[in-house]
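*Asks:* Sequence below, structure please.
(2 chains)
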Amino acid sequence: MKSGALLIMVLPLLVACSAHSRDDEVVVRFWGMGREGEVVAELVPEFERRHPGIRVRVQQIPWTAAHEKLLTSFVGDATPDVAQLGNTWVPEFVALGALENLGPWVRRSKAVNPEEFFPGIWDTNVVDGQLYGLPWYVDTRVLFYRTDLLAEAGYFSPPQTWEEWQDAMRRMKARMGPDRYPILLPTNEWPQPVILGMQSGGPLLRGNGRFGNFRDPRFRRGFEFYVSLFREGLAPAVSAAEISNRYQEFARGNIGMMITGPWEIGEFSNRLPPEVQDKWMTAPLPGPDGPGTSSAGGASLVIFRDSEHKAAAWKLIEYLSEPEQQIRFYELSGNLPPGRRAWEDPKLAENRYAHAFREQLERVRPLPKVPEAEQIVTKVFEQGERAVRRQATVDQALTTLDREVDRLLEKRRWLLAKQDSEADR
Amino acid sequence: MTRAVATGTAEIGSVPPAEALAPRRRFRGPGQATGAAYLFLAPALLLIGTLFFLPVLAALVLSFTDFDIYAIGDLDNTRWVGVRNYGQLLETPLFWTALRNTFYFALIGGPLSIATSLGAALLLNSRLVRFKGFFRTVYFAPFVTTLVAVAIVWRYLYHTRYGMLNYGLGIFGIGPIDWLGDPGWAMPAIILMAVWKNFGYNMLIFIAGLQSIPEELYEAARIDGASALQRFRHVTLPQLGPTLLFVAVITMIGYFQLFVEPYVMTQGGPLRSTTSVVLLMYEEGFRWWRMGFAAAVAFVLFVIILGATLLQLRIQGEKRA
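*Replies:* Have a look, this model is predicted:
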């Protein structure tokens, strides 16, 4: 039944492929998401020039449809050869058995050197000790702040510890009055509470991802800090949907800081009026007792297990990982490279807003590498929101969080137990 | 002439004709007709069967399993869990929140929408109103506009600081309302938008219903000295009965399936105050790929809508009897 339907779907594709390719040519199918999918098409001609026997067919997929499309392509045995994958999706596709183990490919490769990549980012692609993806670009969160507002509060360099940070925000608040806030932490975004919770060093899950670990004092410390920012009136209890235009609020000085990602460098440069342009900066996140860690987001390049052109696909990945191509990719898309050598390029070194990211990238930690990770972090902000809006105490919120996460992981526990018993036999 | 003779002879015959003929006709005639009818119906039945009943049946089976992302990778990772999904659903606080929100939306928004439609229809049906065609088009326009586009515009109208709605309220000294951000106001805001968006369709149906009420009834009522209110109460409403029932059932079914408005405007927030049952199902099914659980949500919603429809038919039936 499946193969019949598949044949109907794939037949036109086969015809299309054969129409374009000669017999001695290998066609590598690449799926890119959103803007990256558009941009990668500009990197392809150079690759094809260097490898006359390989042609790359790029298909662009909107981010909103990407996850579903990848899954349906897996069910329909129609996965591409290479794809860009959000690195939090890697464990999920590993659980499906959809991805090629890249470890042997990297060991054989002369071009790819694991030492060159930021370790936290590299780690997001390692599931159960095996490597399934190569970082393509990184997304971590840092502090964006108004230099003038912070200076007025007596801070001429950004805070390094929670204590300094809190003090700076309190002073800012005292000058700002009731309707303006030192920091914006949208209550429906997960990175802020998750990052602060991870900064004290505790793992989010325990028992090899079998149970939630949110009542752990280390997570609790960050979670309490997060909630206190709202309860003290340093952050407004609003969701992202309610802030129609955060750039406008930032430009007007209604908001002094945000925790957000690298794409905002471009947005801030374009959207803020000229008079505010020299009044904002980026800084690595403060931590509980010194410079803090942040999230290890971004996208990776993966090869699907069913691919028939793995060697050609690997060549494409090697090519896209070259520092020169990473820099070109950065110029075209604004996405930050995952390798240290690319960061030495003057084009990146000249971007003063990128420095904070360079520093932060040495201190990033991945989310738990379980397929349920995205669902779990959603639960974190939901319980954070409850505590922020005083519908639950911190204790109640964390207890609920552990209970809900434990329930989510029930299937995983069952699978792990099944695997263990099979291994025993 | 001949027919008269024929029936005459039959009547005269010893066997009572009605009893003799009727069973035979029922035995032979309908039997053949059914066969032919099924033949003609076959293509439609086949389509409905494969495209509707089969998937529904499959979904029902799915709701008794824990089919999820792991099962997509390997079917052996599916467990037959019986009614556990349903049990777990009833234990999930979010389901009850979603159910409460959905009922809130349907029970407040539904009647409000019907009342608005009826009011607009009465106005447009009045002889005093000019440019009827123009107003009909204007009132119907929201219904045919893409909901996503409408929702985005309404999000601006609802903006706490810059929104037109708060500006208007501010003139009367009413403080700014955080429409989409306050858990208490988000659902009323969604209801307001949904009513505005949908009333045009029901309005057209009501206009058609109003136009089919014979003018003589009003004339007679007027001669009897009935006031405008009495005429509405005792002529218009009873005459609109069937239309009202149809509109009520259709509106209720539609309103129980609330999805796009919160999906676009609030993503179910703040504090889950606008998460509807369908939105919950969508999230479980297509965001987290817990298909078994999502199927259970779908069937619970189906039972609720079926129950509400039957209840409505019953109430209306009793009223008429």
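*Asks:* So the residue of the stretch 151-300 of chain B found nearest chain A, which state does it fall into?
*Replies:* Closest residue of the stretch 151-300 of chain B to chain A, C-beta to the nearest C-beta: residue B:181 (3.8 Å). For glycine as for every other residue, the C-beta is placed from the backbone atoms N, C-alpha and C. State at residue B:181, reduced to three classes by DSSP: H, G, I helix; E, B strand; the rest coil: coil.
*Asks:* tally of neighbours for it?
*Replies:* 24 (other C-beta atoms under 10 Å in any protein chain shown).
*Asks:* Give me the phi and psi angles of it.
*Replies:* phi -100, psi -20 (degrees, to the nearest 10).
*Asks:* Residue A:185 versus that one, what's the distance?
*Replies:* Here the criterion is C-beta to C-beta, to the nearest Å. By it, residue B:181 lies 14 Å from residue A:185.
*Asks:* for chain B, what are the nearby residues on chain A?
*Replies:* Proximity of chain A to chain B is confined to A:68, A:71, A:74-75, A:92, A:95-98, A:187-188, A:238-239, A:241-242, A:244, A:371, A:374-375, A:382, A:385-386, A:389, A:391, A:407, A:411-412, A:414-415 under the rule C-beta under 8 Å from any C-beta of the partner chain.
*Asks:* Quick one, which of the residues you listed are buried?
*Replies:* The neighbour-count test (16 or more other C-beta atoms under 10 Å in any protein chain shown) marks A:71, A:74, A:92, A:95-96, A:98, A:187-188, A:238-239, A:241-242, A:244, A:371, A:374-375, A:382, A:385-386, A:411-412 as buried among the residues of chain A next to chain B.
*Asks:* tell me the contacts of the most centrally placed residue in chain B?
*Replies:* Ranked by distance to the mean C-alpha position of chain B (C-alpha atoms, centre = their mean), the top residue is residue B:253 at 2.5 Å. Residues near residue B:253 by C-beta atoms under 8 Å, 6 or more residues apart in numbering or on different chains: B:305, B:309.
*Asks:* so how far is residue B:312 from it?
*Replies:* Residue B:253 sits 10 Å away from residue B:312, going by C-beta to C-beta.
*Asks:* which residues in the stretch 51-200 of chain B form helices?
*Replies:* B:54-62, B:69-73, B:84-91, B:93-104, B:110-125, B:132-144, B:147-157, B:164-171, B:183-211 (DSSP state H, counting those that start in this stretch).
*Asks:* Let's have these in JSON lines, adding distance to residue A:288.
*Replies:* Formatted as JSON lines, these follow (distance: least, C-beta to C-beta, whole Å):
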{"stretch": "helix B:54-62", "distance to residue A:288": "46"}
{"stretch": "helix B:69-73", "distance to residue A:288": "35"}
{"stretch": "helix B:84-91", "distance to residue A:288": "36"}
{"stretch": "helix B:93-104", "distance to residue A:288": "32"}
{"stretch": "helix B:110-125", "distance to residue A:288": "51"}
{"stretch": "helix B:132-144", "distance to residue A:288": "52"}
{"stretch": "helix B:147-157", "distance to residue A:288": "37"}
{"stretch": "helix B:164-171", "distance to residue A:288": "40"}
{"stretch": "helix B:183-211", "distance to residue A:288": "31"}
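*Asks:* Using TSV, lay out those helices together with mean pLDDT, mean neighbour count and distance to residue A:302.
*Replies:* Below are the helices of the stretch 51-200 of chain B laid out as TSV (pLDDT from 0 to 100; neighbours: other C-beta atoms under 10 Å in any protein chain shown; distance: least, C-beta to C-beta, whole Å):
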stretch	mean pLDDT	mean neighbour count	distance to residue A:302
helix B:54-62	92	14	29
helix B:69-73	85	20	15
helix B:84-91	90	16	32
helix B:93-104	93	18	33
helix B:110-125	93	19	48
helix B:132-144	89	14	44
helix B:147-157	87	16	32
helix B:164-171	87	13	47
helix B:183-211	92	20	39
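*Asks:* mind checking how far the most centrally placed residue in chain A is from chain B?
*Replies:* Central residue of chain A (C-alpha atoms, centre = their mean): residue A:297, 2.0 Å from the mean position. Residue A:297 sits at a distance of 18 Å from chain B (criterion: C-beta to the nearest C-beta, to the nearest Å).
*Asks:* How about that residue: which residues does it bridge to?
*Replies:* Assessed by DSSP bridges, residue A:297 has beta-bridge partners residue A:139.
*Asks:* The helices of the stretch 51-200 of chain B: which one's closest to residue A:33?
*Replies:* Taking C-beta to C-beta, helix B:69-73 is the member of the helices of the stretch 51-200 of chain B nearest to residue A:33, at 19.1 Å.
*Asks:* Check whether the closest one comes near chain A.
*Replies:* Yes: Helix B:69-73 is in contact with chain A by C-beta under 8 Å from any C-beta, via B:69-70, B:72-73.
*Asks:* and which of these is nearest residue B:283?
*Replies:* For the residues of helix B:69-73 next to chain A, the nearest to residue B:283 is residue B:69 (13.9 Å; C-beta to C-beta).
*Asks:* correct me, but the closest one touches residue A:98?
*Replies:* No: taking contacts as C-beta atoms under 8 Å, residue B:69 lies outside contact range of residue A:98: 11.0 Å.
*Asks:* Which of the helices of the stretch 51-200 of chain B sits closest to residue A:179?
*Replies:* helix B:164-171 (14.3 Å).
*Asks:* re earlier: how about the residue nearest to the centre of chain A, what does it touch?
*Replies:* Contacts of residue A:297 (C-beta under 8 Å, 6+ apart): A:86-88, A:138-141, A:191, A:261.
*Asks:* Turn those residues into a markdown table, including pLDDT, distance to residue B:265 and neighbour count.
*Replies:* Formatted as a markdown table, the contacts of residue A:297 follow (pLDDT from 0 to 100; distance: C-beta to C-beta, whole Å; neighbours: other C-beta atoms under 10 Å in any protein chain shown):
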| residue | pLDDT | distance to residue B:265 | neighbour count |
| --- | --- | --- | --- |
| A:86 | 92 | 25 | 19 |
| A:87 | 92 | 30 | 28 |
| A:88 | 92 | 26 | 22 |
| A:138 | 94 | 32 | 26 |
| A:139 | 93 | 27 | 22 |
| A:140 | 95 | 30 | 27 |
| A:141 | 96 | 26 | 23 |
| A:191 | 95 | 23 | 22 |
| A:261 | 93 | 24 | 19 |
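*Asks:* Skipping adjacent residues, who's closest to the residue in the stretch 1-150 of chain B positioned nearest to chain A in space?
*Replies:* Taking C-beta to the nearest C-beta as the measure, the point where the stretch 1-150 of chain B comes nearest chain A is residue B:73, at 3.6 Å. Nearest residue to residue B:73, sequence neighbours excluded (C-beta to C-beta, 6 or more residues apart in numbering or on different chains): residue A:96, at 3.6 Å.
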